[in-house]
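Q: predicted model and sequence below, questions to follow.
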Amino acid sequence: MAHVQTLLGPIAPEALGLTYVHEHLLTRPPLWRIKEDPDYVLDSQEKILEELRLFYEAGGRTLVDCTAIDYGRNVRDFVEVAQKTPVQLIALTGFNRGDYGERWIQELTVDQMVDIMVRDALEGMDGTAARAGLIKFGTSYNVVLPIEDRFIQAAAKAQRQTGLPVITHTTRGTLGLEQVERFERAGGDVTRLALSHLDQNLDFYYLSRIARRGAYVLFDGPSKAKYAPDEARVVMLKRLADAGFEDQLLISGDMGRRSYLKAYGGGPGFEYLLKEFAPRLRDDGFREVLVHKFFVNNPRRFLTI
């Protein structure tokens, strides 16, 4: 039976409501990353519960935590948060980027990676009964490291065994086509694949080629002017929708830093998309049915197993 796998169990796809498909609740990246920038550490249940409250009050109902195994995924903490919030939370299995993995990850074979992902999806993650609702892989900046190629192969094989959707990390929006091609060659279903951070590379020719292959194009940078102004995102969303790809467009926030979250004293927080970006889309002429697709219909189709 079709369902979506949350941390607290399967739910009907129709129950998802307004959904963000790429966020972070609790993270502990590799030590080198923390030393470089401690802003990436999200370690307060109390603060993330406050952020989830703001998201829920703004109309949000479901959120995907994209914290991978190599980025400090702590399933027991995730479950505790899920039990304390009305927001439906989904977690994933898989890996982020090749340079994040500890030695034991670096030494994994493809089959060993598949075993981990399948167990997380069908039995439970980290010794809990909480099952993964997605699979993740990632690539570096304009290069696919050998371990990242193994991530891709493993994700495709695990997808075939579990039926889970797959979400990716692209570094600054690069190598999207390479991800699609390698994933497809490994036997993955590209129509069940979503590529993150593509609004860090706002090139219509590039993005339309990815969409033409059947993958979801995920814009998860609204409010982050350091990558692009929101105007450029709005214009590109309009071009992609007008080109016939409106059913493959996803919008999220990727608020994976303390400085992005109101509960930590930063901003604009989880509520930004609902209070600022979605109204802007409407003001700029996007039909309500299209905005609904971005935040409800398309995430539901992508996440349904």
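A: Done, it's in.

Q: dihedrals phi and psi, the residue found closest to Tyr216 once you drop the neighbours it is linked to in the chain?
A: Nearest residue to Tyr216, sequence neighbours excluded (C-beta to C-beta, 6 or more residues apart in numbering): Ala194, at 3.7 Å. No exception for glycine: its C-beta is placed from N, CA and C like everyone else's. Dihedral pair for Ala194: phi -120, psi 130, per degrees, to the nearest 10.

Q: now do the contacts for Ala194.
A: 21, 165-168, 215-218, 250, 302 (C-beta atoms under 8 Å, 6 or more residues apart in numbering).

Q: residues contacting the residue nearest to Tyr141 when sequence neighbours are not counted?
A: The shortest distance from Tyr141 to any residue other than its chain neighbours is 4.2 Å, reached at Thr171 (C-beta to C-beta, 6+ apart). By C-beta under 8 Å, 6+ apart, the contact set of Thr171 is 97, 138-142, 197.

Q: from those residues, list the buried ones, please.
A: Buried subset of these (neighbour count, 16 or more other C-beta atoms under 10 Å): 97, 138-140, 197.

Q: what's the lowest-pLDDT member of those residues?
A: Across these, the smallest pLDDT goes to Arg97, namely 95.

Q: do you know how far that residue is from Ser140?
A: As for Arg97, its distance to Ser140 is 6 Å (criterion: C-beta to C-beta, to the nearest Å).

Q: list residues touching both of those two?
A: Common neighbours of Arg97 and Ser140 (C-beta under 8 Å, 6+ apart) are 148, 171.

Q: picking that back up, what is the nearest of the contacts of Thr171 to Ser223?
A: Nearest to Ser223 among those: His197, at 14.0 Å, using C-beta to C-beta.

Q: circling back: now the contacts of Thr171 in TSV, with distance to Leu175?
A: Output for the contacts of Thr171, formatted as TSV (distance: C-beta to C-beta, whole Å):
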residue	distance to Leu175
Arg97	11
Gly138	10
Thr139	5
Ser140	8
Tyr141	8
Asn142	6
His197	11
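
Q: in this protein, which spans are helices?
A: 31-36, 45-57, 75-84, 103-106, 110-122, 146-162, 176-185, 204-212, 230-240, 272, 278-283, 288-292, 298-303 (DSSP state H).

Q: can you pull the buried residues of the fifth one?
A: Going by neighbour count (16+ other C-beta under 10 Å), the buried part of helix 110-122 is 110, 113-114, 116-121.

Q: residues contacting it, please?
A: Contacts for helix 110-122 (C-beta under 8 Å, 6+ apart): 5, 69, 93-95, 108, 131-132, 135, 150-151, 153-155, 157-158, 161-162, 164.
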